[in-house]
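1. dropping the sequence and predicted coords here.
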Number of protein chains: 2
Amino acid sequence: MTTLGYAILGLLSREDLSGYDLKQRMAGRVGYFWSAKHSQIYPELARLEDGGYVKHSVVEQRERPDKKVYEITAEGLDALKEWVIQPPVPRPTRDELTLKTYSVWLADEEKAAQLFREEKLRHEEQLAHYEELRAWMEGEWREELTSTNSPEFASYATLRRGISYEREYAEWCRWMADSIARGEPSEKREKGG
Amino acid sequence: MTTLGYAILGLLSREDLSGYDLKQRMAGRVGYFWSAKHSQIYPELARLEDGGYVKHSVVEQRERPDKKVYEITAEGLDALKEWVIQPPVPRPTRDELTLKTYSVWLADEEKAAQLFREEKLRHEEQLAHYEELRAWMEGEWREELTSTNSPEFASYATLRRGISYEREYAEWCRWMADSIARGEPSEKREKGG
DNA sequence: ACTCTTTATGTATATCCTGACATATGGTAC
DNA sequence: GTACCATATGTCAGGATATACATAAAGAGT
């Protein structure tokens, strides 16, 4: 089983979905921490069905093409539950901006500072989007969030990861941009100073 | 040109290295944010040489096999300088632990809490390692760190990224472990409370 | 002698993933 | 009518990456 397979099972454990639906979920939501194109999803669904982890039924639609709606099987749910508590296989982190940073001493200072200002903005925009979602969740899911075995808590928990990740990244970009603009590392202002 | 190609150029811009040396650097140091196996490095070096970005000379050694030592060319350095200031191509983040978190509501609570406690430890260990390096750099490179166009500053800047990343990740793991152990989300204690 | 480790350089196979190609239904805009 | 868009499902070619296979020099340990 591939990680993508478990990503799909994770979505199907919450609701029945077509391949197209899964593609949409992978673009937003779950896609913030695991994504795939439809060219990967359709073959993976076939493999999951071969393995007995999911099954599908064809749903005829008017005004739209027919679709295959997939649901998770008992075997699929068991496999997912088992996978969740296994330590993740350590993957090497690949961060292109940090790699560029390693060679930033060679770069034109003004252009380099601009690069980090732009990346700071990108992460701040993503952060703002996450914060909106968070406010919505904390309002809408007040009850569900009191228990860690609700899917709402799980969604909220991943969102919190996204928020602290983007906040941290934006803050580092700010430090980089400031340092380059001054020509020397700026003081630590992380905790407000 | 691939990102790995620029990673190699970034290393060669600092010192001449053999394929084997590059492999070592990719295991530690640079490998914290970009890594590759030797099976990828050797072919990439050949492509870089084809493109005129690097050239090599054979160095005969006693008591060891001969080696090919690569150095970056003027064209390679130009390409690297240009690449550094270009915005990175946005790659989808793939974080298996966060993906597991999305399905954590299905998991056995005790085992899930244990998972996050273990991951917290892993990130704290990495953080401790980075903090050691940071202390060493701030002592050893006092002079070099006053200027952002020194390779030492570039190394220091990437290290700071690693530090805040690990600190943030460990803190989130703590929040997860605590929340699951209590059966409900724990209060925000991020800023000390 | 034999094995193991480090240095040193490669190739081969398989998988993951992206981008492009391909097809079909039916609505909306011009 | 025609072009375009959203829905819907697939295939294919190529590049990136990991794991394993393969070879070789020389020291260290048994």
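-> Done, it's in. Residues are numbered from 1 along each chain as shown, chains lettered A, B, ... in the order given.

2. now do the strands in chain A.
-> A:17-18, A:54-59, A:67-72 (DSSP state E).

3. what about the closest residue to A:Gly51 other than its chain neighbours, neighbour count?
-> Leaving aside its chain neighbours, A:Gly51 sits nearest to A:Met1 (7.4 Å; criterion: Cβ to Cβ, 6 or more residues apart in numbering or on different chains). For every residue, glycine as well, the C-beta is placed using N, CA and C. Counted with other Cβ atoms under 10 Å in any protein chain shown, the neighbours of A:Met1 add up to 15.

4. and of the strands of chain A, who's closest to B:Gln86?
-> B:Gln86 lies closest to strand A:17-18 among these, at 37.5 Å (Cβ to Cβ).

5. tell me if that closest one is near DNA strand C.
-> No. If you take Cβ under 7 Å from any atom of the strand as the test, strand A:17-18 misses DNA strand C, and the best it gets is 12.9 Å.

6. is that strand anywhere near chain B?
-> No. Judged by Cβ under 8 Å from any Cβ of the partner chain, strand A:17-18 makes no contact with chain B; its nearest approach is 14.3 Å.

7. tell me the strands beside that strand, with direction?
-> strand A:67-72 (antiparallel) (DSSP bridges).

8. how close does the closest residue to DNA strand C within chain A sit to A:Ala128?
-> Proximity to DNA strand C, evaluated over chain A using Cβ to the nearest atom of the strand, is greatest for A:Ser39 at 2.9 Å. The spacing between A:Ser39 and A:Ala128, counted by Cβ to Cβ, to the nearest Å, is 31 Å.

9. which parts of chain A sit against DNA strand D?
-> Chain A comes close to DNA strand D at residues A:18-21, A:23, A:38-39, A:42-43, A:45-46, A:61, A:64-68, A:91-92, A:94, as judged by Cβ under 7 Å from any atom of the strand.

10. again, only using 6 Å
-> Taking Cβ under 6 Å from any atom of the strand as the measure of proximity, chain A contacts DNA strand D at A:18-20, A:38-39, A:42-43, A:61, A:64-65, A:67-68, A:92, A:94.

11. tell me, how many residues neighbour A:Ala46?
-> By other Cβ under 10 Å, the residues close to A:Ala46 number 13.

12. ditto for A:Glu140
-> Residues contacting A:Glu140 under the criterion other Cβ under 10 Å number 11.

13. wait, what's in contact with it?
-> Contact analysis of A:Glu140 by Cβ atoms under 8 Å, 6 or more residues apart in numbering or on different chains lists nothing.

14. quick one: pLDDT of it?
-> With respect to pLDDT, A:Glu140 scores 97.

15. hmm, back to that, can you add mean pLDDT and give the strands of chain A back as CSV?
-> As requested, these are exported to CSV (pLDDT from 0 to 100):
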stretch, mean pLDDT
strand A:17-18, 98
strand A:54-59, 98
strand A:67-72, 98
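
16. make JSON lines out of those strands and add mean neighbour count.
-> Below are the strands of chain A laid out as JSON lines (neighbours: other Cβ atoms under 10 Å in any protein chain shown):
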{"stretch": "strand A:17-18", "mean neighbour count": "20"}
{"stretch": "strand A:54-59", "mean neighbour count": "14"}
{"stretch": "strand A:67-72", "mean neighbour count": "18"}
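
17. in JSON lines, list these along with distance to B:Glu171.
-> Output for those, formatted as JSON lines (distance: least, Cβ to Cβ, whole Å):
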{"stretch": "strand A:17-18", "distance to B:Glu171": "33"}
{"stretch": "strand A:54-59", "distance to B:Glu171": "36"}
{"stretch": "strand A:67-72", "distance to B:Glu171": "33"}
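
18. so how far is B:Gln61 from the closest residue to A:Ala113 other than its chain neighbours?
-> Among residues not flanking A:Ala113 along the chain, A:Ile180 sits closest, at 4.3 Å (Cβ to Cβ, 6+ apart). According to Cβ to Cβ, A:Ile180 stands 41 Å off from B:Gln61.

19. and if you look at A:Leu115?
-> Taken as Cβ to Cβ, the span from A:Leu115 to B:Gln61 is 41 Å.

20. the two: which has the busier surroundings?
-> Using other Cβ under 10 Å as the criterion, A:Leu115 and B:Gln61 rank with A:Leu115 on top: 25 against 8.

21. look up how far A:Thr2 lies from the residue lying closest to that one once chain neighbours are set aside.
-> Setting aside the residues directly before and after it, A:Leu115 is nearest to B:Ile85 in space (Cβ to Cβ, 6+ apart), at 5.5 Å. Remark: distance between B:Ile85 and A:Thr2 (Cβ to Cβ) = 36 Å.
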